[in-house]
Structure formats: structure tokens, C-alpha cells
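Student: need a structure here:
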Amino acid sequence: MWTKENRARYDRRGLRYPSDLTDEEWAVLAPLIPRAKRGGNERSMDERSLINGLLYILSTGCQWRAIPKDLPPRSTLFGYFQRWEWDGTLERIHHALYQQCRAQAGRDESPRAAIIDSQSVKSAEKGGPRLIRRVTMVGRKSRERNATSLLIRSA
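Tutor: Below you'll find the predicted structure:
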């Protein structure tokens, strides 16, 4: 419900972009970001600005090359995005936030039941996508003469 307390809590006017993290949101996300690899160079980019850049792209739908100049460079953002997708960081962040949202709603952190409809059961009986044969159309030659062959033969 929109009360004065809630409106103040969700007010994003003081931020550079509406997609930027507040201090409260960053306190939740900061422990979930992996540290830099041991033995390598120290991370020169601030993790919060990386997350702000990725959230800007997700919220606005802008192209990578249209990222504003006050955010990290697109190559840096894209590199971290690919790395965190590959090593499962984004999945872990999503899972942790999902559990936190369920706990705040007064529900168990992990659901215990699932609903299976008849369509799901039917596809499982067939064995799933592994047993589906990939059929390709075999090209057929036209039985009719085409215009190109008529022009070549008459010349």
C-alpha cells in the first residue's frame, strides 16, 4: 500500500538514474559479488558502478554502445556480465534475492510443492526433447522448366 513511509522508501529522485542502487539495496547485494581472483591484478572498477551499469541496460533496454559516458565502459560491463553469467554469480544473486523476498512475505524460502499440468506430464512421457527427431525438408527439384533454362537453351 502506498503510504507516506512507503513512498519515501521507494523514492529514487536522489539517484543519478532510477536504475541505480540505493545504499540499502547495495548493502544486500555487496556480499553476493565475488572477490577478485587471487594472484591477479586488483579490481580497478567499483563493483557498485558495475551493477549500476548492468541495471541501467536491463531497465532501459539500451544497446551496449549507447551506455552513458558516466557509467563504466561497455567492454568492461559486457566482460563482467559474461563472466558472472558463466560462473553462476547472477544465478546466485537471483536465488538469494528470491529467498529474501519469500521470507519478507512470510513464506518458506524454498517452495515445497509444484503444480504439474497435463501438458507437462504428456511431454515427460515422450522422453523430452532428446527423443524428438529433427526432421528437415528434403529439397525437391521442380518438374517444370524454369525461365532461366528456357532462355539458355533457345540462345
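Student: Look through this protein and tell me its longest helix.
Tutor: Using DSSP state H, we find that the single longest helix of the chain is helix 89-104.
Student: for that helix, packing partners?
Tutor: Here helix 89-104 touches helix 23-29, going by 3 or more Cβ pairs under 8 Å, 6 or more residues apart in numbering; DSSP states H and E. (Glycine included, C-beta is placed from N, CA and C.)
Student: Buried ones in the very next helix or strand once past the helix it packs on, by neighbour count?
Tutor: Downstream of helix 23-29, the first helix or strand assigned by DSSP states H and E is helix 47-60. In terms of neighbour count (16 or more other Cβ atoms under 10 Å), helix 47-60 has its buried residues at 47-57.
Student: other SSEs contacting helix 47-60?
Tutor: helix 23-29, helix 74-87.
Student: ok now the last one, how far from the chain's centre?
Tutor: Looking back up the chat, that one is helix 74-87. Here the centre of helix 74-87 is set off from its chain's centre by 12 Å, with Cα atoms, centre = their mean, to the nearest Å.
Student: And for it, what's in contact with it?
Tutor: Helix 74-87 is contacted from outside by 34, 45, 50, 53-54, 57, 64-65, 67, 71, 89-90, using Cβ atoms under 8 Å, 6 or more residues apart in numbering.
Student: Redo the residues you listed as CSV? Include pLDDT and distance to Arg102.
Tutor: Shown next, in CSV, are those (pLDDT from 0 to 100; distance: Cβ to Cβ, whole Å):
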residue, pLDDT, distance to Arg102
Pro34, 84, 24
Met45, 82, 32
Leu50, 92, 27
Gly53, 93, 28
Leu54, 92, 24
Ile57, 93, 27
Trp64, 90, 33
Arg65, 91, 38
Ile67, 91, 33
Leu71, 91, 31
Thr89, 90, 21
Leu90, 90, 19
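Student: And Ser110, how far from Arg12?
Tutor: Distance, Ser110 to Arg12, by Cβ to Cβ, to the nearest Å: 31 Å.
Student: now do Gly40
Tutor: Using Cβ to Cβ, one gets 35 Å for the distance from Gly40 to Arg12.
Student: Tell me which of those two has more neighbours.
Tutor: Using other Cβ atoms under 10 Å, the more surrounded residue of Gly40 and Arg12 is Arg12, with 11 against 7.
Student: I'd guessed Pro18 sits against Asn52; true?
Tutor: No - assessed by Cβ atoms under 8 Å, Pro18 is found out of contact with Asn52, at 10.9 Å.
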